[in-house]
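A.B. asks: Sequence first, then the predicted structure, then my questions.
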There are 2 protein chains.
Amino acid sequence: MTQGLINVKLKEHRLLDKVSVTAIAPGDQVELGSCFAEFFRVNHSIPDAIGIVLHTPIGAVVHTGDYKFDYTPVDGKPADLGLLGKIGNDGVLVMMGDSTRVESPGYTPSERVINDSFDKIFANAPGRILIATFASLISRVQQVLDTAQRYERFVAFMGRSMQNNVQMAIELGYLNMPKGMLIRPEDINKFNPDQVVIVCTGSQGEPTSALTRIANQDHRQIRIQPGDTVILSATPVPGNEKMVHRTINSLFRQGAEVFYQGISNVHVSGHGAQEELKLMLSLLRPRFFVPVHGEYRQLILHAKLAFSLGIPEENIVVAEDGDIIDVTEDSIKLKEHVSSGNVFVDGLSVGDVGQIVLRDRKVLSQDGILMVVLTIDKETGQPLAGPDIVSRGFVYMRDSEELLENSRQRVLDAFNGFEKHSHSGSDWSFVKDKIKHTLSEFLYEQTRRRPMILPMVMEV
Amino acid sequence: MTQGLINVKLKEHRLLDKVSVTAIAPGDQVELGSCFAEFFRVNHSIPDAIGIVLHTPIGAVVHTGDYKFDYTPVDGKPADLGLLGKIGNDGVLVMMGDSTRVESPGYTPSERVINDSFDKIFANAPGRILIATFASLISRVQQVLDTAQRYERFVAFMGRSMQNNVQMAIELGYLNMPKGMLIRPEDINKFNPDQVVIVCTGSQGEPTSALTRIANQDHRQIRIQPGDTVILSATPVPGNEKMVHRTINSLFRQGAEVFYQGISNVHVSGHGAQEELKLMLSLLRPRFFVPVHGEYRQLILHAKLAFSLGIPEENIVVAEDGDIIDVTEDSIKLKEHVSSGNVFVDGLSVGDVGQIVLRDRKVLSQDGILMVVLTIDKETGQPLAGPDIVSRGFVYMRDSEELLENSRQRVLDAFNGFEKHSHSGSDWSFVKDKIKHTLSEFLYEQTRRRPMILPMVMEV
């Protein structure tokens, strides 16, 4: 499944023939120099999720990956508790554990609970049903297909990543879709509304996704019509709340019935809650523990959880991106820090948009910019033309003629104060500073805004 | 209390003597032309919250205000169920009801539950305790004071709005603070850490608030030290999640113990959940219902809730800002829409920052700006100086000399192509357009960015 998803992405970026991908299965062992890696099945919101054991000369390092324990997963393959127990019995030097849901007490419910919610919604939906979820959440798509079959509905897929992933999952046997159930998006209107289910992208309110386009009445094929039911089968990723809520509001506004996490059990997390984190820690019983995959507060809470299970404080390290952790057979500590983080890609260039350019963009976005150009006679130092003033993002120029005229006058006054000194050389930076300072003060006094001021002096 | 809060704000803006404020009490009646208003006590996160009944010639219109039903409120004054029942019995034509928490089933817990959480935290805090909450949440402050007294701690207040509101609330008798408990922020270090509680602003991660400054190590008086306990006694208002999480992460990073909604019961909402909304609807039994105070999805859900209690669909109107609702004794409908919404205040001016200025700021913030200035001989049409190019927020100029030199050359080439026509008149707009177009294409080709391009031609 992982290979399939990677291939879909490689194909999208036309890199498929440039990369070789080797698939491994749970239980496989792969040699890596003096180490070897072993893999154990866990549950997550995607089939075939695994954790990794890296057997090093000084001991086993376990990375859980994203995980939860689902005893009744949709794909019928629960986490391999037996193998996890064996790994723990054999001894684990370091465990790195997923911290995403450490703030939630109890257990994350099984994916199965969603079947009941889907059943209730399908049974009462008078028209079309649109379901948005993550394109990688293949097991959720399977649940939709199973429910659609029970309610005799046809299914269409919308959104490129959804279509690609579903096609791949069907080909690889990860999705079980009855013959004749699939319809093309352009054929939806050939069916009665109560015969149709549409599975689409857009559960995060992403601007160009299918559901967001539909909500914005901007989709090529679909408009919301009375009787439509929309299910957002996902939780907003932190930071996306506003966009998701905007989508939900728009859908309601157009008359759809909308079900979403918060009013209905239409999603469960792919990450384990506190009791599952305790179970993993108790199965593996690591000597050293490093919480991973979470914001800093979650790492800290996971560290406290591990401490509460008996791992000594000095055996737990909370690290951030770029930290190097030094582990020996009997010690663990933070060693040094290498630079890491985001590299900004802007247009064709990678990483060249630095602090100064970003700071300028920020200033520009707040109060705009105002340019002053003055042409000077090189010989006499007299102004020959201008000052001309142009501004963008500061004030609407047509409504501000008086302000701009007064600004011009201020610039001339400032310039004339300098005439004697300035015509001797061609370095006008002192004059430019003076113009900038004068204008900045004047404009702040008049408008309480601080546009970026860019004086230019041209010599003729 | 409302009067006190308003006066604090008026004082801040030096308007206190320009505005007259009349206080009313629950049960008061105020004549308003052919109508009169009556007021009933509700519970909210602030003392003295009330709802309004407007008795009109055709019937009573009830606006609940923000409300919940708290049978054991901190200030000892529960919502006036008796009066609400009487208002309902007398007949309500229109009810406008708070929809904020319609997505939450059950009841909003009483403010009292927070006492237990505070007790647990105070009992275990080895050092200072910092509590951030809304500056208007006076009852929460009272709970902190009560707990502080039990654990023999002194209390300091930080953040201007918190200090102002607390002072007002003490003066008006809404806060009960034992003598000698109050200490000044600058005296905090004179006490042992375990003798100190700091109540401050910043529960929403607001950039200039006390807690945010402390988290950013930017506060004049306070730095986080080992043993500090921080309580965020508030829920992030939608949209503030990221800022609040950043604050929490920073506090953890500096070694504080942090308690916040989600891992601890340190806040309850001021708005009623579904069962309370049902109770209010059942007490008032309005003929017509208008859900208010919520995003569109919440208004719709509140409308459905009212429908489920037996209010006919045609008696419910979901309106948005600016909608005019037409009510008669036996009908309610949306009539027309007046323009409404935000008026932007920027510096000294109100409402003059229009679409064009905002659009420019957006463009500027994305790819920056590039100015080209060319000085021309009026007589011959020959370029005398320039083109000079300056950019901001586009590329870092010192690293892009080649790009800028090539741009200059392009401008000259474009200009020379026009020489013949242009020296006849003084309208350079055609030339400017050509320069703009040429440069825009060249820069997009070279960088895949589209800075705003501003050509200026000066005649000498």
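C.D. replies: Right, received. Where do you want to start? Numbering: from 1, shown residues only, chains lettered A, B, ... in the order given.
A.B. asks: Please, where are all the helices along chain A?
C.D. replies: A:2-12, A:81-90, A:113-124, A:138-150, A:160-171, A:210-215, A:241-253, A:274-284, A:296-308, A:355-367, A:401-416, A:419-422, A:429-447 (DSSP state H).
A.B. asks: Redo these as JSON lines? Include mean pLDDT, mean neighbour count and distance to chain B.
C.D. replies: Heads up, the C-betas are built off the backbone N, CA and C, glycines and all. Output for the helices of chain A, formatted as JSON lines (pLDDT from 0 to 100; neighbours: other CB atoms under 10 Å in any protein chain shown; distance: least, CB to the nearest CB, whole Å):
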{"stretch": "helix A:2-12", "mean pLDDT": "88", "mean neighbour count": "16", "distance to chain B": "19"}
{"stretch": "helix A:81-90", "mean pLDDT": "95", "mean neighbour count": "16", "distance to chain B": "27"}
{"stretch": "helix A:113-124", "mean pLDDT": "94", "mean neighbour count": "16", "distance to chain B": "13"}
{"stretch": "helix A:138-150", "mean pLDDT": "94", "mean neighbour count": "21", "distance to chain B": "22"}
{"stretch": "helix A:160-171", "mean pLDDT": "92", "mean neighbour count": "19", "distance to chain B": "22"}
{"stretch": "helix A:210-215", "mean pLDDT": "93", "mean neighbour count": "26", "distance to chain B": "12"}
{"stretch": "helix A:241-253", "mean pLDDT": "92", "mean neighbour count": "21", "distance to chain B": "4"}
{"stretch": "helix A:274-284", "mean pLDDT": "97", "mean neighbour count": "20", "distance to chain B": "10"}
{"stretch": "helix A:296-308", "mean pLDDT": "96", "mean neighbour count": "21", "distance to chain B": "4"}
{"stretch": "helix A:355-367", "mean pLDDT": "82", "mean neighbour count": "18", "distance to chain B": "3"}
{"stretch": "helix A:401-416", "mean pLDDT": "82", "mean neighbour count": "16", "distance to chain B": "10"}
{"stretch": "helix A:419-422", "mean pLDDT": "52", "mean neighbour count": "13", "distance to chain B": "16"}
{"stretch": "helix A:429-447", "mean pLDDT": "83", "mean neighbour count": "17", "distance to chain B": "5"}
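A.B. asks: what would those look like in a markdown table with distance to residue A:225?
C.D. replies: As requested, the helices of chain A are exported to a markdown table (distance: least, CB to CB, whole Å):
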| stretch | distance to residue A:225 |
| --- | --- |
| helix A:2-12 | 32 |
| helix A:81-90 | 48 |
| helix A:113-124 | 17 |
| helix A:138-150 | 19 |
| helix A:160-171 | 21 |
| helix A:210-215 | 11 |
| helix A:241-253 | 12 |
| helix A:274-284 | 42 |
| helix A:296-308 | 42 |
| helix A:355-367 | 39 |
| helix A:401-416 | 51 |
| helix A:419-422 | 71 |
| helix A:429-447 | 49 |
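A.B. asks: Quick one, which of the ones you listed gets closest to residue B:229.
C.D. replies: helix A:296-308 (13.5 Å; CB to CB).
A.B. asks: Show me what the closest one packs onto, helices and strands only.
C.D. replies: Secondary-structure packing of helix A:296-308 (3 or more CB pairs under 8 Å, 6 or more residues apart in numbering or on different chains; DSSP states H and E): helix A:274-284, strand A:288-292, helix B:241-253.
A.B. asks: Show me the domain layout of chain A.
C.D. replies: Here the domain assignment for chain A is A:1-107+A:270-337, A:111-259, A:349-459, based on the TED database.
A.B. asks: right, and those domains - which one's nearest residue B:250?
C.D. replies: Using CB to CB and comparing the domains of chain A, the one that lies nearest residue B:250 is domain A:1-107+A:270-337, at 8.0 Å.
A.B. asks: Between its first and last residues, how far does the closest one reach?
C.D. replies: End-to-end distance of domain A:1-107+A:270-337 (CA to CA, to the nearest Å): 35 Å.
A.B. asks: Tell me, what's the model's pLDDT at the closest residue to residue A:203 other than its chain neighbours?
C.D. replies: Using CB to CB, 6 or more residues apart in numbering or on different chains and skipping residues adjacent in sequence, the residue nearest residue A:203 is residue A:234, 3.6 Å away. Per-residue confidence at residue A:234 stands at 92 (pLDDT).
A.B. asks: now residue A:234: how far from residue B:221?
C.D. replies: Distance check for residue A:234 against residue B:221: by CB to CB, to the nearest Å, it reads 44 Å.
A.B. asks: And for residue A:394?
C.D. replies: 38 Å.
A.B. asks: So which of those two has more stuff around it?
C.D. replies: residue A:394 (29 against 16; other CB atoms under 10 Å in any protein chain shown).
A.B. asks: pretty sure that one is in contact with residue A:371, am I right?
C.D. replies: No: counting by CB atoms under 8 Å, residue A:394 stays clear of residue A:371, with 10.2 Å between them.
A.B. asks: What's the end-to-end length of stretch A:79-97?
C.D. replies: Terminal residues of stretch A:79-97 lie 15 Å apart, using CA to CA.
A.B. asks: which outside residues touch that stretch?
C.D. replies: Here stretch A:79-97 makes contact (CB atoms under 8 Å, 6 or more residues apart in numbering or on different chains) with A:26-27, A:38, A:40-43, A:53, A:56, A:58-64, A:67, A:69-70, A:277, A:280-281, A:283-292, A:302, A:306, A:327, A:329, A:332.
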